[in-house]
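J.: got a predicted structure here, sequence first:
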Amino acid sequence: MTHRIEVFTKVNDSKSELMAKKLQSWGFKVSATAVVEAYIINKDFNKNELKDIAEMLSNPVSQRYGIDEAQKEIPFDFALEIGFLPGVTDNIATTARESIEDFFKTKFGPDESVHSSTLLFIKGELSEKDVETIGNSMANSLIQRITVKTHDKFAADNGMDEIVPTVHLKSHPETDKVNLNIPEEELLKLGKEGITDKDGTRRGPLALEKDQLDVIKDYFTKENREPNDIEIESLAQTWSEHCKHTIFAAKIDDNEDGLYKGYIKRATNDIRKAKGDKDFCVSVFSDNAGGIIFDENWIVTDKAETHNSPSALDPFGGAITGIIGVNRDCLGFGKGAKPVINKYGFCVGNPFDKEPIYRDAKLTNAALSPHRILEGVIEGVNAGGNCSGIPTPQGFVYFNDGYKGKPLIFVGTVGLIPRKINGKNSWEKKAQPGDKIVIIGGRVGLDGVHGATFSSEALTSGSPATAVQIGDPITQKKFSDAIVKEARDLNLYNSITDNGAGGISCSVPEMAKECGGCVVDLEKVPLKYPNLSPWQIWISESQERMTLSIPSEKLAEFEALMAKRGVESTVIGEFTDNGRCLVKFNGTPIMDLEMNFLHDGLPRKILKTTYTKPTNPEPEFNQPSDLTQTLTEMLARPNICSYEDISTQYDHNVQGGTIVKPLQGKGRVNGVASVTKPLPESNRGVICSQGLNPIYSEIDTYHMAACAIDTAVRNVIAIGGTLDHLALMDNFCWCSSNEAERLGQLKAACEAVYEYAVAYGTPYISGKDSMFNDFKGFDKDGNPIKISVPPTLLISSLGVLDDLTLAVSLDPKFAGDLVYILGETKDELGGSEYFASQKVIGNSVPKVDTKSAISLYRAFRTAVEKRLIASALSPQFGGLGVTLAKKAIAGQLGMEIDLGKIPGAKNITRLDHLLFSETQSRFIVTINPKNKEEFEKNFAGLTLAQIGVINADQNFVLKNGDKVIVKTNISNLDQSYRKTFNRFAE
Amino acid sequence: MKPKILVITGYGINCEEETAKCFNWVGGESEIVHVNDIIDGSHKLKNYQIIAFPGGFSYGDDTGSGNALANKIRNNLKEDLLTYLKEDKLVIGICNGMQIMANLGLIPATDMKYGERQAALMRNQHVSLECRWIHVKNVSQKCVWTKGVEMMHLPISHGEGNFYVEPATLEKMKANDQIVFKFVNEDGTPANNKFPANPNGAMEDITGVCDPTGKVFALMPHPERFNSWTNEDGWELKKEQLIREGKPFPAEGDGLKILRNGINYFN
């Protein structure tokens, strides 16, 4: 017998009021809504028991409930229910079930379950079709279902239906042979579309190319047998671009080492060698995250990832699984680092662009709008980060039309781990032959099947819905605490790694490299629902799982601990040293591959590049007559304006270590760097910043990369950091990486990645790439379109601040303080936000001069140590004009500046260019006038000038000599700075 | 002997480490204990002088913030908890801890009815989680935890902090001096339910309440997140002021005062 409990809010129902307002804002004539939480209890209980359950699921002060009855109190015209599709993670239901089980001290049987849904009662002048439209806009059809009932139907049916969304897989779990001795055309199709099932449908992309297929064919010819489906699927996962980074590993032109070894890793190697004793790197590139020394006892780790393809299909699910996925990279560093900082970066299309694009020619399958994607990813990182108790002080949003089809969703996590655990180096781990293979955390379902291979392909109408996953941060939080706060220090395991792309098909063989082999009993993997095929169990990317290597003698203690912490742990096999990866299902071997072949068998790509640097039209517009208006409008641009509504919905105070916050000064301006103390008792801090300049790629990817590096570095300097304790990470998000031109752009960027990091002495400690961020679909008229992201490189910086009180915020502090500019300004507006506001790109891209920058950055740090700098901000998008305005807003203090005094001003003929040039390596600082002499002495020989003063009034005045160029007040600037995304405030 | 503090954790509680450390800094001896290790009897409530319910997202706020963990505690530890409350001991709940305590009926417990749910922490009026610094005023003479505190600058970070009780309960709380912290403007004037000074829409700006004895205290703001003076929103301005006046930097964050009051109760 199935029961239904509905929970109603009886006072202060702001959720329902806001819902009504939202629907009204969508243009529907809605007069009132009521949002109701509904539970389906698929287990037999009597009336009294159901009453107990309902009381547990509601608060008597603010809520009331109904059991197995159609509500009659709320007037409505339509009832709309949004529930999950079968097999989709339903966290609320899981919690409700656990509460019920605990209350009755009973367990639900295999055919019993709990499901949650949201029920909406709507009053208004609407048609049933309108309500369906509302439902379809609120729900994501990949994971949710909607049911609409009119008032009369609802009454006639005695309420909503009692739908039990459980998965029933018909297929009998078995392993199929795959015939590779087929015509080449068929073989290529197999690589592209997947293995053919018995019913003729394809299983989904393998992303295996011709040379890879040929090698696989040869291997099995040599083995003298046909491969099993699981073996092909497994190779496809392990060899995917996503996992093996085949493009960065490839020989490229004459460069035998390829992009990764030849540029990125070489930069780190060269820097470490040059630093000698002062090398602070501990573990680079070899683990789930990179690690550097924090102090004599601790290491900080960092990792940044992208979750682009999943976020395009289900922004909430994509972003939440992204953020808690990268948390697992942190847990999987060495013996397990504790996540202490989360970071984000959302690159999406113009949020005001309403023109639809479609995945199919029939125009039935519309891509989500940039606005919808943005809302979803914001919410996803909110749910993931906040629920996990990890502060999120650092992040950005960036808009460009190129991200309309495929957004780039960056997520990162900084971790903390002792340098020694039980006397051993914490970053070293090694599975031993005979160790048990143990997986902990969530169960396996069809979710995420073909995730890794899918993200290695462009988004098309064939993109699999099963690639979508929902996160369950609490399941992860439980094992995260059990591992890094208990099991790790009890020395209960030899090795640990994350289950990310490819699930256990990647994590187990990867860990098996440490000892030389593994044998897996696949039927032991706990499943969400029965009848998954063995290959699906093996490659599923169901979330919140880690793989551990546990010595037999520690197993009982480990299992007991996990049980006490509410964490499911399962032994699924054993590590060996026989050089083979053996997978069995109910005792029958179904996969038996040489470890060497699995990991190193894939043929190395050889890539050829070309790079034709474009010549863009030079802008022809005249200097605007009213630069006050121009500056005010610049502040409202999406890439420049406030995103306070994101910053305040992400907890940045948790763990008690917030220092320099995402919003700075009385005027609450978004900073570009943040400081956090990862250990409450320490006076040391971690500085995080990010640099990204994708428009510059339209001119020159070499300078794009150089500017991203300089931005990430100088933001750390501006907040008080030092070049001597600063590491970087690279995240490449490219497009069409099978085209020689795109690869040429990539190679040019990598050249800068090497040169500028080496110049600054800032090593890369980890990195990631995502090479096919293209959308292939149709415009509203049915014309085929391809939208590629601009070649994008995110550089994340991780600095250590030895004394937190040295930190410098961006807001001017007192009237009377002097305003200085450090560094020369050049006429560099190519790819600038200002040119973008005029719809041109131009060619004069900013170029970084590391020699002068390094002297400046070192002198800056000395000034910080002498406490000579009261506030600092480095110009970025929108140049000096925007930087000065942001500072004025942040301090809520007036400012008078003489632009004529800016070093370099004389070489720039136009004042608008002077104001908005994006020349790198500059700072605007304010200082105590008493420190003038000492300050100038500190920077002797470097380019600097006093350009103005801070005033007690609220006037913002920029002059050129005596001539007033910009005159406004803080309130006007403030208003413009905040207005763009106010609508997200609600 | 140092007072012993039981800092409860598990199922998504996430502020246990900094809460425990802060209690230790002000003279306590904290022990972080998983709720399951209390349920299985390996740790007893009676061995502690203070129980702390830290902040977090227990059970991800599913079925209502604090509700599921409160259910678990009620289902398994209700009698132990009621016995503990009869002794001259203290309890504090911060943020999710307050939500758990409200669902457990530890606050406001008017008429000494511990275990009866009398308060709700509802969704913030503008719905999503709000992380910011706010000002609170101490309006209670009775609460042990806020002795000597007039106003305080503290961070909040919650999605469900909209405090609500029925009017009759509110009258009893007022009559018994059980309202402790109210949101105020920076100058100490009432927030009057205006955002952002009152960030969640709480009834009469209430964001900290105690039981009828003043020993059981629950608040939405996070005193443990103001453990160092460099935690405070706007500390950089204070720093510059202190440098220019030639004054030393403060030794600690204001939030520790609250926890110290708890420890001092036993000294």
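T.: Noted; the coordinates are in hand.
J.: and A:I163, what's its pLDDT?
T.: pLDDT, A:I163: 83.
J.: A:S461 now?
T.: 46.
J.: and A:A458, by the same measure?
T.: Confidence score, pLDDT, at A:A458: 53.
J.: can you pull the contacts of A:N136?
T.: A:I146 (Cβ atoms under 8 Å, 6 or more residues apart in numbering or on different chains). Where C-beta positions appear, they are placed from N, C-alpha and C, glycine not excepted.
J.: neighbours of the residue of the stretch 151-300 of chain A found nearest chain B, how many?
T.: Ranked by Cβ to the nearest Cβ, the top residue of the stretch 151-300 of chain A for proximity to chain B is A:W298, at 14.3 Å. A:W298 has 17 neighbouring residues, counting by other Cβ atoms under 10 Å in any protein chain shown.
J.: from chain B, which residue is nearest to chain A?
T.: For chain B, Cβ to the nearest Cβ, closest residue to chain A: B:N14, 2.4 Å.
J.: how does chain A divide into domains?
T.: A:2-156, A:244-606, A:808-986 (automatic domain parsing).
J.: start and end of the second one, how far apart?
T.: Using Cα to Cα, to the nearest Å, one end of domain A:244-606 lies 15 Å from the other.
J.: what residues does the residue nearest to A:P791 when sequence neighbours are not counted make contact with?
T.: Leaving out its chain neighbours, the residue that sits closest to A:P791 by Cβ to Cβ, 6 or more residues apart in numbering or on different chains is A:S697, at 4.2 Å. Contact analysis of A:S697 by Cβ under 8 Å, 6+ apart lists A:704, A:745, A:749, A:790-792, A:831.
J.: mind checking which of these are in strands?
T.: A:T792 (DSSP state E).
J.: just the buried positions in the helix ranked longest in chain B, please.
T.: Taking DSSP state H as the criterion, chain B has its longest helix at helix B:67-85. Buried residues in helix B:67-85, counted by 16 or more other Cβ atoms under 10 Å in any protein chain shown: B:67-77, B:80-81, B:84-85.
J.: could you point out which element follows that helix?
T.: strand B:90-94 (DSSP states H and E).
J.: is that next one anywhere near chain A?
T.: No. Judged by Cβ under 8 Å from any Cβ of the partner chain, strand B:90-94 makes no contact with chain A; its nearest approach is 11.2 Å.
J.: who touches that strand?
T.: B:15, B:19, B:49-55, B:85, B:99-101, B:106-107, B:144-145, B:215-224, B:258-259, B:262, B:265.
J.: so which of those sit within strands?
T.: Checked against DSSP E, these include these in strands: B:50-53, B:216-219.
J.: nearest to A:K661 among the residues you listed?
T.: B:L219 (21.3 Å; Cβ to Cβ).
J.: not counting its neighbours along the chain, what's nearest that closest one?
T.: B:G208 (3.6 Å).
J.: and what of B:A102?
T.: In space, B:A102 is closest to B:A119, 4.4 Å off (Cβ to Cβ, 6+ apart).
J.: might you report the residue contacts of the one you found?
T.: A:61, B:102, B:107-108, B:163-165, B:169, B:209.
J.: where do the helices sit along chain B?
T.: Under the criterion DSSP H, helices of chain B are mapped to B:16-25, B:35-39, B:67-85, B:96-104, B:167-175, B:235-245, B:256-264.
J.: now the strands for the stretch 201-350 of chain A?
T.: A:251-252, A:281-283, A:290-293, A:298-306, A:338-348 (DSSP state E, counting those that start in this stretch).
J.: neighbours of A:G500, just the number please.
T.: 25.
J.: ignore what I typed, I meant B:S157.
T.: Number of residues near B:S157 (other Cβ under 10 Å) recorded here: 28.
J.: please apply the same query to B:S65.
T.: Using other Cβ under 10 Å, B:S65 has 30 neighbouring residues.
J.: and the strands of the stretch 201-350 of chain A as TSV, adding distance to A:N738 and mean pLDDT?
T.: Below are the strands of the stretch 201-350 of chain A laid out as TSV (distance: least, Cβ to Cβ, whole Å; pLDDT from 0 to 100):
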stretch	distance to A:N738	mean pLDDT
strand A:251-252	13	95
strand A:281-283	33	96
strand A:290-293	29	97
strand A:298-306	19	97
strand A:338-348	22	98
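J.: CSV for these, including distance to A:G194?
T.: As requested, the strands of the stretch 201-350 of chain A are exported to CSV (distance: least, Cβ to Cβ, whole Å):
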stretch, distance to A:G194
strand A:251-252, 29
strand A:281-283, 37
strand A:290-293, 34
strand A:298-306, 24
strand A:338-348, 30
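J.: closest one to A:L119 among these?
T.: strand A:338-348 (31.0 Å).
J.: before we move on, the earlier item: could you list which of the buried residues of helix B:67-85 also contact chain A?
T.: Of the residues in the buried residues of helix B:67-85, proximity to chain A by Cβ under 8 Å from any Cβ holds for B:67-68, B:71-72, B:75-76.
J.: columns distance to A:N955 and pLDDT on top of those, output as JSON lines?
T.: Formatted as JSON lines, those follow (distance: Cβ to Cβ, whole Å; pLDDT from 0 to 100):
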{"residue": "B:N67", "distance to A:N955": "53", "pLDDT": "97"}
{"residue": "B:A68", "distance to A:N955": "55", "pLDDT": "96"}
{"residue": "B:N71", "distance to A:N955": "58", "pLDDT": "96"}
{"residue": "B:K72", "distance to A:N955": "59", "pLDDT": "96"}
{"residue": "B:N75", "distance to A:N955": "64", "pLDDT": "95"}
{"residue": "B:N76", "distance to A:N955": "64", "pLDDT": "96"}
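J.: out of those residues, the closest to A:N327 would be?
T.: Closest to A:N327, out of all of those and judged by Cβ to Cβ, is B:A68, at 21.9 Å.
J.: go ahead and flag the most central residue of chain A.
T.: Residue closest to the average C-alpha location in chain A (Cα atoms, centre = their mean): A:V411, at 2.5 Å.
J.: now that one: which helix or strand?
T.: strand A:408-418.
J.: so what does the helix or strand just after that strand touch, helix or strand wise?
T.: Next helix or strand after strand A:408-418 toward the C-terminus (DSSP H and E): strand A:420-421. Under the contact definition 3 or more Cβ pairs under 8 Å, 6 or more residues apart in numbering or on different chains; DSSP states H and E, strand A:420-421 sits against no other helix or strand.
J.: strand partners of strand A:420-421, parallel vs antiparallel please.
T.: strand A:424-425 (antiparallel) (DSSP bridges).
J.: contacting residues for B:E252?
T.: Counted by Cβ under 8 Å, 6+ apart, B:E252 has contacts B:25, B:227-229.
J.: for A:S25, state which of those is nearest.
T.: So of the contacts of B:E252, ranked by how close each gets to A:S25 (Cβ to Cβ), first place is B:N227, at 42.1 Å.
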